[in-house]
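Trainee: sequence and computational prediction follow.
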Amino acid sequence: MSCLLMRESPMIIALNKEKTVYDGFITVLEKDFRIRISLPPDHQMKQAKLHCCWQMKRLLHGYQHILKQRLQHSTNLMAFILELRTVLEVALKSQPGCQSFSPPQYYSQLITEMEILGWDKLLFIDAEFRTLKMKAEDSAGRQHAITIKLKSKYPAEAPEFSADLPVPLIITWTSQSTLASVHSQFLINVEALSEFWSVLDEIDEQTWVLEPEKPTKADSTRRIAIVVTPLRNKLNANMHLWNPDCSVLQNMKDVLEIEFPSPTTHEKSSFSVECGICYSYRLESDIPDQVCNDPRCGQPFHQVCLYEWLRGLPTSRQSFNIVFGECPYCSKPITVKMVTGNA
């Protein structure tokens, strides 16, 4: 048994010739714990006593009955040490935030790959060296970031990838892949969206974006403020003016024959997008989406506000799901569809 113990637990040794006292360290999940085991002269494990360091005592709090049971049923010291390791491993894994360490080659390979890619590309890495965030700059100078979550068997097991893109991120992983190859593939993803982002950048810079309030690179739509006039007729009459060689914003200007309000030319106080009834921009999650069709008025309203206002007027009338009445501001005819859920 002594030879087997030396082979399986080389840091535990006998302190006397009778081999009744053993002292040393037991290693579990890359953590070392000091233990001492005292055996009776007949080496019966039922009478053995276990002494351990305070870290191990705290860890095994609540497992004493299990240890006692394992000690009673172990045929020899080696069998008990194996049982002790199992209990310690369970206890360690149950600790909040406890994670097993990867082998040394995991970290050495990760550091080598980062040196090849360049540490300047690294935005973040967690304490466990599991989650990395790398940055990339496209040809237009836009900054992007990709988050990589490495698995314990990296690189044999493919990591998880995520990024702020309006389309799914496509990364191909093989056994030969590295962080550098991931970074290159990420750049291909963002370059494919360069023209799309250029359109949105122009809209963000030259118009007043209402939604989303703080656009990210994953947002693919914009809701913008415009000077409300009878635009539908202009749109129908001028669609032939749409030029594929011009930007989306320029085409909208040409087709609608308007100049869009921009952050540099308008303040919220000078360009009202608040509801003309409740005097607020947001009503829960809704923004004003109804408007007076008279170009001299153009006052916006929340649908529910306008519906309740018109329904309360003695001069209003209803036909099917449409309520007819007068604009609260200019008294010109205005209509609104029945709000969902109202009778």
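Mentor: Happy to help now that I have it.

Trainee: which stretches of the stretch 201-343 of the chain have low pLDDT?
Mentor: Across the stretch 201-343 of the chain, the ranges flagged by pLDDT under 70 are 226, 228-230, 263-272, 295, 339-343.

Trainee: quick one: the helices in the stretch 1-150 of the chain, in order.
Mentor: Counting by DSSP state H, counting those that start in this stretch, the stretch 1-150 of the chain has these helices, from start to end: 2-8, 54-59, 64-73, 77-93, 104-117.

Trainee: Throw the ones you listed into TSV and include mean pLDDT and distance to Val336, thanks.
Mentor: Backbone N, C-alpha and C define where each C-beta goes, glycine included. TSV is the format used below for the helices of the stretch 1-150 of the chain (pLDDT from 0 to 100; distance: least, CB to CB, whole Å):
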stretch	mean pLDDT	distance to Val336
helix 2-8	59	81
helix 54-59	84	67
helix 64-73	81	71
helix 77-93	84	61
helix 104-117	89	58
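
Trainee: deepest-packed of those helices, please.
Mentor: Between the helices of the stretch 1-150 of the chain, helix 77-93 has the highest mean count of neighbours, a mean of 17, where neighbours are mean count of other CB atoms under 10 Å.

Trainee: just checking, what packs against that helix?
Mentor: If contacts are counted by 3 or more CB pairs under 8 Å, 6 or more residues apart in numbering; DSSP states H and E, helix 77-93 sits against helix 2-8, strand 21-28, strand 31-38, helix 54-59, helix 64-73.

Trainee: flag every buried residue along stretch 236-252.
Mentor: If you call a residue buried by 16 or more other CB atoms under 10 Å, then stretch 236-252 has these buried ones: 249, 251-252.

Trainee: next, count neighbours for Val182.
Mentor: Counted with other CB atoms under 10 Å, residues neighbouring Val182 total 21.

Trainee: got it, and His302?
Mentor: 26.

Trainee: distance of it from Asn321?
Mentor: 17 Å (CB to CB, to the nearest Å).

Trainee: domains in this protein, as residue ranges please.
Mentor: Under the assignment named as automatic domain parsing, the residue ranges that make up the domains of the chain are 2-93, 104-191, 194-271, 272-343.

Trainee: which of the helices and strands packed on helix 77-93 sits closest to His240?
Mentor: Across these, His240 has its closest neighbour in strand 31-38 (74.6 Å, CB to CB).

Trainee: so for the closest one, what gets flagged as buried?
Mentor: By neighbour count on 16+ other CB under 10 Å, the buried set for strand 31-38 is 31, 33, 35, 37.

Trainee: contacting residues for the closest residue in space to the second one that isn't next to it in sequence?
Mentor: Nearest non-adjacent residue to Phe33, counting by CB to CB, 6 or more residues apart in numbering: Met56, 4.3 Å away. The neighbourhood of Met56, defined by CB atoms under 8 Å, 6 or more residues apart in numbering, consists of 33-35, 88.

Trainee: Cys330 versus the closest residue to Pro40 other than its chain neighbours, what's the distance?
Mentor: Of all residues not flanking Pro40 in the chain, Gln47 sits nearest, at 4.2 Å (CB to CB, 6+ apart). Plainly put, Gln47 is 100 Å away from Cys330 if you go by CB to CB.

Trainee: over to Leu88?
Mentor: For Leu88, the distance to Cys330 - CB to CB - is 80 Å.

Trainee: quick one: end-to-end distance for stretch 153-169.
Mentor: 22 Å (CA to CA, to the nearest Å).

Trainee: where's it relative to the chain centroid, distance-wise?
Mentor: Here stretch 153-169 is found 12 Å from its chain centre; the criterion is CA atoms, centre = their mean, to the nearest Å.

Trainee: buried residues in that stretch?
Mentor: By neighbour count with 16+ other CB under 10 Å, stretch 153-169 contains the buried residues 154-155, 158-159, 161, 163, 165.

Trainee: and the helices of the stretch 1-150 of the chain: which comes nearest Glu191?
Mentor: Per CB to CB, nearest to Glu191 of the helices of the stretch 1-150 of the chain: helix 104-117, 17.9 Å.
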